[in-house]
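J.: A predicted structure for the sequence below; I have some questions about it.
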Amino acid sequence: MIKDIIKSSEEKMKKTLGVLKSELATMKAGRANPTMLDRIQVEYYGSMCPLSQVANVSAPEPRLLLITPWEKQLLKEIEKAILKSDLGINPSNDGSVIRLLVPELTEETRKNLVKNVKKHGEDAKVAIRSIRREANEKIKAAKKDGEVSEDQIKKGEEDVQKITDNYVKEIDNIILAKEKEIMSI
């Protein structure tokens with residue numbers, strides 16, 4: 001019973017960590033990274049598709065992204081999708097590929113990005129703590145039902161706390177690494 005609660009909580013925490021990693025991967029950090037374009041959706045035969053499913057995205061140089069669509073007629077659609085996105089980068093279309101030059105980040109922009117990264121980290125920590133609280137409530141509910149002993153409850157709550165601490169520490173490490181990446185010139 002308690003093991004199931006703990007296992008379920010840990011899976012939820014793992015998903016929260018995955019969401020944080022994917023959010024941070026799409027943030028621009030002054031370097032060209034194909035994952036920056038993961039959120040961009042392109043209209044393809046009447047339906048919206050992720051850019052990665054209709055084109056090859058590569059980073060041949062540190063500040064350049066190269067988008068090679070599978071079909072040439074998609075160039076205009078890809079260009080439109082990039083312009084509509086929140087990237088703030090103007091695409092350069094030469095008729096066969098689209099080039100995106102990632103601008104150097106100013107000190108102020110870097111600091112704002114770091115603030116944003118920290119906010120994402122804090123949101124993830126709040127989600128982790130919420131999962132912990134939920135797990136502890138379920139464990140206490142099991143006690144009221146008389147299904148488990150006092151010792152099992154104590155042990156269960158300690159295990160949930162250890163897992164929570166590990167995930168919070170991992171979030172801190174991820175945020176620190178992203179912060180370094182943004183602030184390095």
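T.: Cool, got the structure.
J.: Let me know the secondary structure of E104.
T.: Following DSSP: H, G, I helix; E, B strand; the rest coil, the label given to E104 is coil.
J.: Could you give the number of residues near it?
T.: 10 (other CB atoms under 10 Å). C-beta here means a position set from N, CA and C on the backbone, and glycine is covered the same way.
J.: Just confirm it contacts R63, I think it does.
T.: Yes: E104 sits in contact with R63 when judged by CB atoms under 8 Å, with a separation of 7.4 Å.
J.: how does the protein divide into domains?
T.: 2-25+106-183, 34-101 (automatic domain parsing).
J.: which stretch in the ones you listed has the least confidence?
T.: With a mean of 85, domain 34-101 has the lowest mean pLDDT of the domains of the chain.
J.: what about that domain, start to end distance?
T.: 12 Å (CA to CA, to the nearest Å).
J.: again, but for stretch 41-53
T.: In terms of CA to CA, the two terminal residues of stretch 41-53 are separated by 9 Å.
J.: Next, the buried residues of it.
T.: V42, Y44, C49, L51 (16 or more other CB atoms under 10 Å).
J.: pretty sure C49 belongs to a helix, no?
T.: No: assessed with three-state DSSP, C49 is strand; it does not lie in a helix.
J.: what helix or strand is the nearest residue to it once chain neighbours are set aside on?
T.: Spatial nearest neighbour of C49, excluding adjacent residues (CB to CB, 6 or more residues apart in numbering): V42 at 5.7 Å. Under the criterion DSSP states H and E, the helix or strand holding V42 is strand 41-44.
J.: No further queries at this time; thank you.
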